[in-house]
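# Sequence below, structure please.
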Amino acid sequence: MSRRAPVAAVLPAWRSRPWIREALGSVFAQVLPPAEIVVVDDGSDDGLEEEIEDLLDRILFLRQENRGPGAARNLAVAMTSSPFLAFLDADDLWEPERLAVQVPLLEADPARVLVCSDAWEFGEGRELRRWSRSGGRRSPPALDLEGLLRGNGIATLTVLCRREAFERAGGFDEDRGLLAVEDYDLWLRMSELGGFLYVDRPLARYRRRPSSLSGARRFREGVRLVLEKFRRRSERAVELRHLLARREALLWLDEAREIQDAGQFRASLKPIRRAWSLAPGAPETWRTFFRGLMLGISGLRPGARARDSGSA
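Residues are numbered from 1 along each chain as shown. Next up is the predicted model:
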């Protein structure tokens with residue numbers, strides 16, 4: 001029998017019937033297949049189990065009431081025993097060599113608790129393109145605590161981590177206020193337990209679709225909760241207070257730009273003031289203010305001129 005990776009593949013699924021077979025197929029197709037595969041149906045009502053009925057002898061299939069992906073992943077982890085954990089949402093895909101590349105890296109370096117990579121993005125008519133959580137970088141992201149407080153450069157569908165560190169960190173927080181950012185919260189906690197590794201190549205495929213959880217407003221509110229949790233929990237919160245304040249200020253500026261894009265310059269002043277109070281004099285604050293001012297003077301929303309002139 002060919003070698004299997006000492007990995008539990010964890011797939012939370014909610015209303016994922018159209019994609020679940022393809023996702024599982026990418027797990028079955030691994031050059032180095034995982035020892036365990038767990039799908040947790042998070043309260044779906046779309047006949048998910050029936051869709052994969054012929055595959056149930058190859059996986060562990062569990063059901064729970066709808067409690068969110070963090071709770072589904074925690075349940076899956078609790079039902080497995082492999083020393084490494086790999087995550088995949090039920091509408092995304094792994095590249096065939098994903099585990100074959102990552103497993104040896106953690107096996108060779110006990111001081112590292114997590115390895116991640118970039119991913120491909122596809123769906124919604126998009127061409128396949130390289131995607132990263134930190135905005136199209138082409139240099140390795142900073143994956144220490146301070147780097148993660150500046151921004152989450154880790155895509156969950158690319159993560160392989162040690163079970164021992166996952167459990168010491170407490171697993172995913174199941175608070176529904178953290179939906180779409182429960183992963184970021186966990187990576188911050190795990191970063192205080194050991195080092196992270198980054199593979200500079202896409203090892204998974206992220207499906208962009210309208211019902212994805214990471215809506216802009218929900219994301220911002222979730223990140224604010226994550227930062228507040230860090231302030232309450234970590235002994236380093238005082239030391240890193242300026243970094244935390246700057247990250248929160250940038251979230252307010254994101255909100256201001258979204259309001260400006262809706263043509264509401266005056267309404268954008270409130271989040272701009274919040275950003276200023278957190279990080280006085282930050283150049284991004286001035287840029288956002290003048291952006292809104294120019295849009296207000298012109299009376300245009302971004303892209304309106306191009307649409308009016310018939311440009312693409």
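
# What is the neighbour count of Arg168?
Other residues within reach of Arg168 by the criterion other Cβ atoms under 10 Å amount to 15. In this view, the C-beta of every residue, glycine as well, is placed from N, C-alpha and C.

# which one is it nearest to, not counting chain neighbours?
Spatial nearest neighbour of Arg168, chain neighbours left out: Leu193 (5.8 Å); criterion: Cβ to Cβ, 6 or more residues apart in numbering.

# Ok, Ile20 next?
Once chain neighbours are set aside, the closest to Ile20 by Cβ to Cβ, 6+ apart is Ala90, at 4.9 Å.

# quick one: what helix or strand has Arg17 in it?
Following DSSP states H and E, there is no helix or strand that holds Arg17.

# Let me see the contact set for it.
Contacts for Arg17 were tallied using Cβ atoms under 8 Å, 6 or more residues apart in numbering; they are 44, 46-48, 51.

# Ala119 too?
So Ala119 contacts 92, 130-132, 155, 157-158, 202-206 (Cβ under 8 Å, 6+ apart).

# mind redoing it with 10 Å?
With contacts defined as Cβ atoms under 10 Å, 6 or more residues apart in numbering, Ala119 is in contact with 92-95, 98, 130-133, 155-158, 201-206.

# care to break this structure down by domain?
Per automatic domain parsing, the structural domains of the chain span 5-208, 240-301.

# Give me whichever of the ones you listed is most buried.
Taking mean count of other Cβ atoms under 10 Å as the contact definition, the stretch among those with the greatest mean neighbour count is domain 5-208, which reaches a mean of 19.

# so how far is that domain off the chain centroid?
Relative to its parent chain, domain 5-208 has a centroid offset of 9 Å by Cα atoms, centre = their mean, to the nearest Å.

# what's the closest of the domains of the chain to Arg217?
In this view, the domains of the chain are compared for proximity to Arg217 by Cβ to Cβ, and domain 240-301 is the closest at 7.7 Å.

# Val27 and Ala35 touch, don't they?
No: with contacts defined as Cβ atoms under 10 Å, Val27 does not count as touching Ala35, sitting 11.6 Å away.

# which residues are in contact with both of these two?
Shared contacts of Val27 and Ala35, defined by Cβ under 10 Å, 6+ apart, are found at 7, 9.
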